[in-house]
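Colleague: mind folding the following:
(one chain, ligands or ions: 1)
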Amino acid sequence: MSQLAQQLHHSEIGDILENSMSGKRPGFDECLRLLESGDVHLMGLVGGHLTRKKFGRTASFVNNMILNYTNVCITDCKFCAFYRPPGHDEAYTVSLEQIEARMKAAWEMFGITQVMFQGGHNPKLSIEYYEDAFRMMRKKFPAVGVHALSASEIDTISKVEHTSTKEVLGRLKEAGLQSVPGAGAEILVDSVKKVISPKKISSETWLRIMREAHEMGIPSSATMMYGHVESKKDIAEHFEKIGSLQEQTGGFMAFIPWSFEPNNTQMQREETVRYSAGGTELLKMIAISRIMYDGLIPHIQSSWLTNGVAMAQMALQYGADDFGGTLLGEEVVSCTGARSTELTAPKIIGAVKQIGYGVEERDNFYNVIKTY
Ligand code: SF4
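Modeller: Prediction:
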């Protein structure tokens, strides 16, 4: 019996892990048992094994920028240190000219292949603002993928325009929207949302907008923000809801679990959450993500942004296959004071090579464009 087989034999979650080694994904109760177990390193051995079976000892990354086009927001999420209410001294909205100038600089200096365009829920911005931005991006920077607007931003535009989210998605796709980031999901359980983001779209609305995007041929990613008021059952529900939509649409390209950063947020001021979840929890979430979505959602991203580069190196060995992006220009997480919030491609390549892995640079759709 191999060492891993022996360890599985003696573990309380051995049956679940043995099943996943032979291609059977855990259900809700089994997911809950994984979340309740402290056998993190064993989960990581299996998560890492499943990942290496598909990707070998190679990790990908995307050379991208984040363009946070406005910090004006009327949704007041208690976990957010980034937004400012309309009329605030520090409120900003980036003009079309500024968007172009920032992209030009990132393109010329770093050769980015993706722009992640995200911002607050600004009621002053009509759909034309986004259409003009996307048209300009596709025309002037055809090699840069437009990965833009979370489900809740799409919902906000539909309210500003008094129209449906389907209509908004259709117009934005026509203008150049190519994929949708998975932000705004947090934990897809409304009792959790009521505490952390009571004015944000419901879980059902998030899932509906993602379904509409997928059915229109706009792929997306999915995220999970853990480490605040959620229970293990809520996390299991989150995994189940995203997995079940993916079984129907196949539109999620990647899943990204990331930990809540409490610094400078209302939740920290109210002492709802004092500390972030930390490294062991990150590794556990990465391993469980791979085990839950093996053969269903192709890519699991390391979340270096909130946990740092060294943890991302570990995450690649616990179930992540994608390092994430260089994130030039990131502003949302930097408002919490979390570490450095941007990397350059050579830094990511170096970090992946340090663990003895090969590196692939990918585009917006996870196609490999260069190997290192
Ligand atoms: S997380 Fe997004 S929607 Fe919530 S307050 Fe911040 S900017 Fe607004």
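Colleague: okay, CA-based contacts and neighbour counts for the rest of this
Modeller: OK.
Colleague: quick one: residue 288 and residue 43 touch, right?
Modeller: Yes: counting by Cα atoms under 8 Å, residue 288 touches residue 43, with 7.0 Å between them.
Colleague: higher neighbour count, these two?
Modeller: residue 43 (28 against 25; other Cα atoms under 10 Å).
Colleague: my reading is that residue 192 lies in a strand. Confirm?
Modeller: No: going by DSSP: H, G, I helix; E, B strand; the rest coil, the assignment for residue 192 is helix, not a strand.
Colleague: how close does it get to the ligand?
Modeller: 14 Å (Cα to the nearest ligand atom, to the nearest Å).
Colleague: same thing with residue 284?
Modeller: Taking Cα to the nearest ligand atom as the measure, residue 284 falls 24 Å from the ligand.
Colleague: element containing that residue?
Modeller: helix 279-293 (DSSP states H and E).
Colleague: for residue 258, what are its contacts?
Modeller: By Cα atoms under 8 Å, 6 or more residues apart in numbering, the residues touching residue 258 are 223, 224, 225, 226, 282, 303, 306.
Colleague: swap the cut-off to 10 Å and go again
Modeller: Contacts for residue 258 (Cα atoms under 10 Å, 6 or more residues apart in numbering) come out as 186, 223-227, 277, 282, 285-286, 301-307.
Colleague: for residue 198, same thing?
Modeller: Per Cα under 10 Å, 6+ apart, neighbours of residue 198: 75, 76, 77, 78, 190, 191, 192.
Colleague: tell me the pLDDT of it.
Modeller: Residue 198 is assigned a predicted lDDT (pLDDT) of 95.
Colleague: same check, this time on residue 272
Modeller: pLDDT recorded at residue 272 is 83.
Colleague: surely it is within a strand?
Modeller: No: under three-state DSSP, residue 272 falls outside any strand and is assigned coil.
Colleague: now it: phi and psi?
Modeller: phi -70, psi -40 (degrees, to the nearest 10).
Colleague: pull the CA atoms of stretch 198-211 into CSV?
Modeller: The C-alpha atoms that make up stretch 198-211 are tabulated as CSV, following Å, rounded to 0.1, in the frame of the first residue of the first chain:
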residue,chain,number,x,y,z
PRO,A,198,-27.6,44.0,2.6
LYS,A,199,-28.1,46.3,-0.4
LYS,A,200,-26.4,44.0,-2.9
ILE,A,201,-28.1,41.6,-5.3
SER,A,202,-29.4,38.3,-3.9
SER,A,203,-27.8,35.0,-4.5
GLU,A,204,-30.5,34.1,-7.0
THR,A,205,-29.9,37.3,-9.0
TRP,A,206,-26.2,36.7,-9.1
LEU,A,207,-26.8,33.1,-10.4
ARG,A,208,-29.4,34.3,-12.9
ILE,A,209,-27.1,36.9,-14.4
MET,A,210,-24.3,34.4,-14.7
ARG,A,211,-26.6,32.0,-16.4
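Colleague: which residues does the spatially closest residue to residue 320 that is not a sequence neighbour bridge with?
Modeller: Leaving out its chain neighbours, the residue that sits closest to residue 320 by Cα to Cα, 6 or more residues apart in numbering is residue 300, at 4.7 Å. Beta-bridge partners recorded for residue 300 (DSSP bridges): residue 255.
Colleague: off-centre distance for stretch 44-59?
Modeller: 20 Å (Cα atoms, centre = their mean, to the nearest Å).
Colleague: so which bits of the top helix by length along the chain are buried?
Modeller: Assignment by DSSP state H gives helix 232-249 as the longest helix of the chain. Neighbour-count burial for helix 232-249 flags 232-243, 245-246, 249 (criterion: 16 or more other Cα atoms under 10 Å).
Colleague: what packs against that helix?
Modeller: In terms of contacts (3 or more Cα pairs under 10 Å, 6 or more residues apart in numbering; DSSP states H and E), helix 232-249 is packed against helix 28-36, helix 190-196, helix 203-215, strand 220-226, strand 252-259, helix 279-293.
Colleague: now that we have the contacts of residue 258, which of them are buried?
Modeller: Buried by 16+ other Cα under 10 Å: 186, 223-227, 277, 282, 285-286, 301-307, out of the contacts of residue 258.
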